[in-house]
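# Sequence first, predicted model second:
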Amino acid sequence: MEKKKITKICCIGAGYVGGPTMAVIAQKCPHIQVTVVDINQARIDAWNDENLENLPVYEPDLDQVVAEARGRNLFFSTEVDTVIKEAEMVFISVNTPTKTYGEGKGQAADLKWIELCARQIAAASDSDKIVVEKSTLPVRTAEAVKDILRNTGGGVKFQILSNPEFLAEGTAVEDLQQADRVLIGGENSPEGKEAIQALVDIYAHWIPREKILTTNVWSSELSKLTANAVLAQRVSSINSLSELCEATEADIDEVSRAIGADSRIGKKFLKASVGFGGSCFQKDILNLVYISRSYGLTEVADYWEQVIKMNDHQKGRFAKKIIKSLYNTVSGKKIAFLGWAFKKDTNDTRESAAIYVADHLLNEKAIISVYDPKVKEKQIQFDLNCLQTRSEEENRSLVNVEVDPYEVCKDSHAVAILTEWDEFKTYDWQKIYDSMLKPAQVFDGRNILDHEALRKIGFRVYAIGKS
Ligand SMILES: NC(=O)c1ccc[n+]([C@@H]2O[C@H](COP(=O)([O-])OP(=O)(O)OC[C@H]3O[C@@H](n4cnc5c(N)ncnc54)[C@H](O)[C@@H]3O)[C@@H](O)[C@H]2O)c1
Ligand SMILES: O=c1ccn([C@@H]2O[C@H](COP(=O)(O)OP(=O)(O)O[C@H]3O[C@H](CO)[C@@H](O)[C@H](O)[C@H]3O)[C@@H](O)[C@H]2O)c(=O)[nH]1
């Protein structure tokens, strides 16, 4: 078989996946020119910013990887057509959010950006290319991509691969550099195998060959949705039991430790929380539910939908607990939020539990003061405004964002931990207690604080899954 040597890669989409993924490919393959393109000029400018603190994605160590490769063989550009034209391999890494309109609204993945990419690749190409689906897609999307490329590509040959990304935010660089596995799905034809090999050869620069799995395209597409569904299911399972723990004086952290010690279960993804967030879990499970229903598989759809219902319940339960503990009224009361990101070590807030807990409390006319080490005020207001629950003016008047956590807690009735940032554990909690209204209450939505120490100071403490 002829060996296809890739010298130029284009990645469409400079977001949380496109940016870090391509930065690591460029770092590990200095002989390949990697250019990430995006239609969002501000995002590309931020990726090109000399001050690495201004990169649009915050991830530990990402700045170092970008510093090493940028300008050498890693480039960021808005010249989408030119870069596609010159590349032998084009990654599609654009957003695939849940549809907000029409058929499948609220469940199906919105594939309009994927289709646009396919059309753009077809229009810009005058030589054969390997097109790689990096975005998370419904199973059988490659069929549509192929159809568009074959019918609009003017005789140019395209091979379509599925290469879903499994990085988690907050650990993206580590996950990319030491991936548990890389998954590549392709066609079982000589051309398909050649394309698969070309992508395997890229990853083989730093990923051990036995960790690079190759499958057919459909298994690869479906494995991505399945991985997220199974991970989220573990979180919902443990969160469901946290409520039972609160009713029975069992302790969810002890239960997690006990079951996680069983090597068949394993200890990861058993941390009870205020609910999972992030741009992927909910979107991908809803997509799985929609696909199952569209094949008439009602029981399959209902089964996975329960994971989302439990997560919604967990977020609502946390907000209700705060209200109940504050004598069933939070109207006009200041509540301090420590954390807004959906998990620590990221500036991403998409689907963060904090947004929904805040919305619930704001409906009860609470006054919320927020501190997050990596999320800016503009983003927090944007997240609340997106819900369209109340006017932007009202959100601005009820929610204020501070850069000092002690200011956020001062004069509050309650402090709620919404993200597990490590720095929250190191605060002077006596100082916080002294500055709060009494009885001072802490609602630890991540079970990260030393609850005994807090109780000794005088706090009333509520923690998930603990009585
Ligand atoms: N965020 C994660 O941790 C993660 C992990 C694995 C997989 N994924 C999947 O990867 C995909 C991308 O996710 P993300 O978080 O990086 O999204 P994102 O919103 O951060 O980035 C997507 C980028 O694509 C750009 N874009 C959209 N259409 C374009 C076009 N036609 N031409 C050029 N640029 C275009 C947007 O401007 C945006 O900057 C999604 O399918 C997601 O499900 C995400
Ligand atoms: O025991 C746990 C583990 C996670 N979470 C929460 O679950 C959410 C998701 O966390 P995580 O999976 O670590 O982050 P993501 O960046 O959303 O990564 C998931 O989604 C990505 C996008 O598809 C995939 O690539 C990753 O493999 C998959 O882990 C966060 O709100 C976490 O706080 C818990 O509450 N308890």
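Nice, I can see it. Here the structure is a predicted model, which means the values were calculated and not measured. Residues are numbered from 1 along each chain as shown. Ligands and ions are numbered 1, 2, ... in the order given.

# Against ligand 2, how distant is the nearest residue to residue 248 once chain neighbours are set aside?
Nearest residue to residue 248 in three dimensions, chain neighbours excluded: residue 467, at 7.6 Å (Cβ to Cβ, 6 or more residues apart in numbering). In short, each C-beta sits where N, CA and C put it, glycine included. Note on residue 467: its distance to ligand 2, by Cβ to the nearest ligand atom, to the nearest Å, is 20 Å.

# Surely residue 467 is in contact with residue 245?
Yes - here residue 467 reaches residue 245: they are 7.1 Å apart, a contact under Cβ atoms under 8 Å.

# Neighbour count for those two, which is higher?
Legend: neighbour count by other Cβ atoms under 10 Å for residue 467 and residue 245, higher for residue 245 (21 against 11).

# what sits against the residue nearest to residue 248?
245, 246, 247, 248, 249, 251 (Cβ atoms under 8 Å, 6 or more residues apart in numbering).

# wait, does the helix or strand containing the first one contact ligand 2?
Following DSSP states H and E, the helix or strand that holds residue 245 is helix 217-248. Yes - remark: helix 217-248 sits within contact range of ligand 2 at 228, 231, 235, by Cβ under 6 Å from any ligand atom.

# What's the per-residue pLDDT of residue 151 here?
Confidence at residue 151, expressed as pLDDT, is 87.

# Spell out which helix or strand contains it, please.
helix 141-152.

# Beyond that helix, next helix or strand please.
Downstream of helix 141-152 (by DSSP H and E), the next one is strand 158-162.

# what angle separates that next one from helix 141-152?
In terms of direction (axes from the mean of the first three to the mean of the last three Cα atoms, to 10 degrees), strand 158-162 departs from helix 141-152 by 170 degrees.

# Strand 158-162 packs against which elements?
Counting contacts by 3 or more Cβ pairs under 8 Å, 6 or more residues apart in numbering; DSSP states H and E, strand 158-162 packs against strand 129-133, helix 141-152, strand 182-185, helix 190-203, helix 217-248.

# Show me how far it is from its chain's centre.
25 Å (Cα atoms, centre = their mean, to the nearest Å).

# Can you give the contact residues for that strand?
With Cβ under 8 Å, 6+ apart, strand 158-162 has contacts from 121-122, 125, 128-133, 137, 142, 145-146, 149-150, 183-187, 191-192, 194-196, 199, 217, 220-221.

# That strand and ligand 1 in contact?
No - judged by Cβ under 6 Å from any ligand atom, strand 158-162 makes no contact with ligand 1; its nearest approach is 11.9 Å.

# about what we covered before: residues of the helix holding residue 151 that come out buried?
Of all the residues in helix 141-152, those buried under the rule 16 or more other Cβ atoms under 10 Å are 141, 142, 145, 146, 148, 149.

# Likewise for stretch 227-238?
Result for stretch 227-238 [16+ other Cβ under 10 Å]: buried residues 227, 228, 229, 231, 232, 233, 234, 235, 236, 237, 238.

# do the same with stretch 116-135
117-118, 120-122, 124-125, 129-135.

# Quote the end-to-end distance of it.
13 Å (Cα to Cα, to the nearest Å).

# Please save the CA atoms from the worst-scoring helix or strand of the chain on mean pLDDT in CSV.
One helix or strand of the chain scores below all others by mean pLDDT, DSSP states H and E: helix 141-152, with a mean of 90. This file holds the C-alpha atoms of helix 141-152, laid out as CSV (Å, rounded to 0.1, in the frame of the first residue of the first chain):
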residue,chain,number,x,y,z
THR,A,141,-22.9,11.6,10.3
ALA,A,142,-19.9,10.6,8.2
GLU,A,143,-22.4,9.4,5.6
ALA,A,144,-23.9,12.9,5.2
VAL,A,145,-20.4,14.5,5.2
LYS,A,146,-19.3,12.0,2.5
ASP,A,147,-22.4,12.7,0.4
ILE,A,148,-21.8,16.4,0.5
LEU,A,149,-18.1,16.1,-0.3
ARG,A,150,-18.7,13.6,-3.2
ASN,A,151,-21.5,15.6,-4.8
THR,A,152,-20.0,19.1,-4.5
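
# In a markdown table: the buried residues of stretch 227-238, plus distance to residue 358 and pLDDT.
As requested, these are arranged in a markdown table below (distance: Cβ to Cβ, whole Å; pLDDT from 0 to 100):
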| residue | distance to residue 358 | pLDDT |
| --- | --- | --- |
| 227 | 30 | 98 |
| 228 | 25 | 98 |
| 229 | 27 | 98 |
| 231 | 25 | 98 |
| 232 | 22 | 98 |
| 233 | 26 | 98 |
| 234 | 26 | 98 |
| 235 | 20 | 98 |
| 236 | 21 | 98 |
| 237 | 26 | 98 |
| 238 | 24 | 98 |
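
# of all these, which comes closest to ligand 1?
Using Cβ to the nearest ligand atom, residue 228 comes nearest to ligand 1 of the buried residues of stretch 227-238, at 8.4 Å.
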